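Novice: Provide a 3D model corresponding to the input given below.
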Amino acid sequence: MQRFVVDGATAVVTGAAGGIGRAIARELSARGAHLVLLDRDEPGLAALAGELRTERADRSATTYVVDLGDRAAALATATTIRDAHPHVHLLVNNAGVALGGRFAEVRLEDVEWLLSINLHAVVLMTHTLLPSLIATRGSHIVNISSLFGLIAPPGQVAYSTSKFAVRGFGDALREELAQHEVGVTTVHPGGIATGIAASARIGAGVDPAEYEQGRRAWTKLLSIDPAIAARLIVVGAERRRPRVLIGGSTYVLDALARISPGHYGRIVAAGNERLTRRLAR
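Specialist: Residues are numbered from 1 along each chain as shown. As a prediction, the model looks like this:
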């Protein structure tokens, strides 16, 4: 499969108003892509699109305000995009949310809410736009999984479930779409300085003080600039890489899970406990 060319491509990016999604949109714009941007944050989305139109007046930036957790709204938006853009060159399924608390501490409704955005929206967007992607030979799909799509630590049951599923979805889809010359990259970022932890929904049974202490501690480890992550992701898509890992700890923990798949959880849990105590000081 030939190298993916960003310049002149039409790229759809979900969760584009902030964090990694915003950085990906800026990276794609700088490389000459026409952008179709989705987010539920209307002011943030409008501000980003305005900046991109000013910086690249020769490229378009179309926005759709949508909550991807609302299946009907997500499907309607995806269908509108498919009809408006019969040739989509790049789909970046980036939108994601977090849920704080152990499985017994969160409501089933909260788990379903997380899955609707982190997993079901990825499947829905991909399936709906697939005709446009297949019609555009040499197109590409990027799915943002997570470090927690490689390892599954305690306190992340719902999130890891969604991100492992995104990983499997991408692996199988890559093989199916190869005959159509459509590439698929799965991204596993770790330690990116975004606001996903701060905006996480907290389980009803979680002690707020305890959760906040842990959140503040772990926020200290989120040190990688989203712009750096975006550059690695776009380069990975250009080079048709099946996987992109971001962050030194991601490589280490991936190796640990491969070496000791049945026991790495206890090692990670013990390290997590010690690290949380140290960071909380």
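Novice: residue boundaries of the strands in the stretch 1-150 of the chain?
Specialist: 10-14, 34-39, 61-65, 90-93, 99-100, 140-144 (DSSP state E, counting those that start in this stretch).
Novice: other SSEs contacting the helix or strand hosting Thr186?
Specialist: Secondary-structure element containing Thr186, defined by DSSP states H and E: strand 183-189. Using 3 or more CB pairs under 8 Å, 6 or more residues apart in numbering; DSSP states H and E, the elements in contact with strand 183-189 are strand 140-144, helix 157-177, helix 226-238, strand 243-246, helix 248-259. Any C-beta I mention is one placed from the backbone N, CA and C, and that applies to glycine too.
Novice: of all the ones you listed, which one is nearest Met125?
Specialist: For Met125, the closest of these is strand 140-144, at 9.4 Å, according to CB to CB.
Novice: ok and that closest one relative to helix 226-238, angle-wise?
Specialist: With axes from the mean of the first three to the mean of the last three CA atoms, to 10 degrees as the basis, strand 140-144 and helix 226-238 are set at 140 degrees to each other.
Novice: just checking: what are the partner strands of strand 140-144?
Specialist: Paired with strand 140-144 in the same sheet, following DSSP bridges, are strand 90-93 (parallel), strand 183-189 (parallel).
Novice: tilt between the last one and helix 157-177?
Specialist: Just to be clear, that refers to strand 183-189. Angle of strand 183-189 versus helix 157-177, following the same axes, to 10 degrees, is 160 degrees.
Novice: after strand 183-189, which helix or strand is next?
Specialist: Under the assignment DSSP H and E, the closest C-terminal helix or strand after strand 183-189 is strand 201-202.
Novice: check which helices and strands that next one is in contact with.
Specialist: Contact analysis of strand 201-202 by 3+ CB pairs under 8 Å, 6+ apart lists strand 99-100, helix 108-115 as its packing neighbours.
Novice: ok, of those, where does mean pLDDT dip lowest?
Specialist: If these are sorted by mean pLDDT, strand 99-100 sits at the bottom with a mean of 94.
Novice: got a list of contacts for it?
Specialist: When contacts are taken as CB atoms under 8 Å, 6 or more residues apart in numbering, the neighbours of strand 99-100 outside the stretch itself are 106, 110-111, 113-114, 155, 158-159, 200-203, 206, 211, 215.
Novice: just to revisit the earlier point, and among the helices and strands packed on strand 201-202, the most buried is which?
Specialist: Taking mean count of other CB atoms under 10 Å as the contact definition, the stretch among the helices and strands packed on strand 201-202 with the greatest mean neighbour count is strand 99-100, which reaches a mean of 24.
Novice: fine by me, thanks again.
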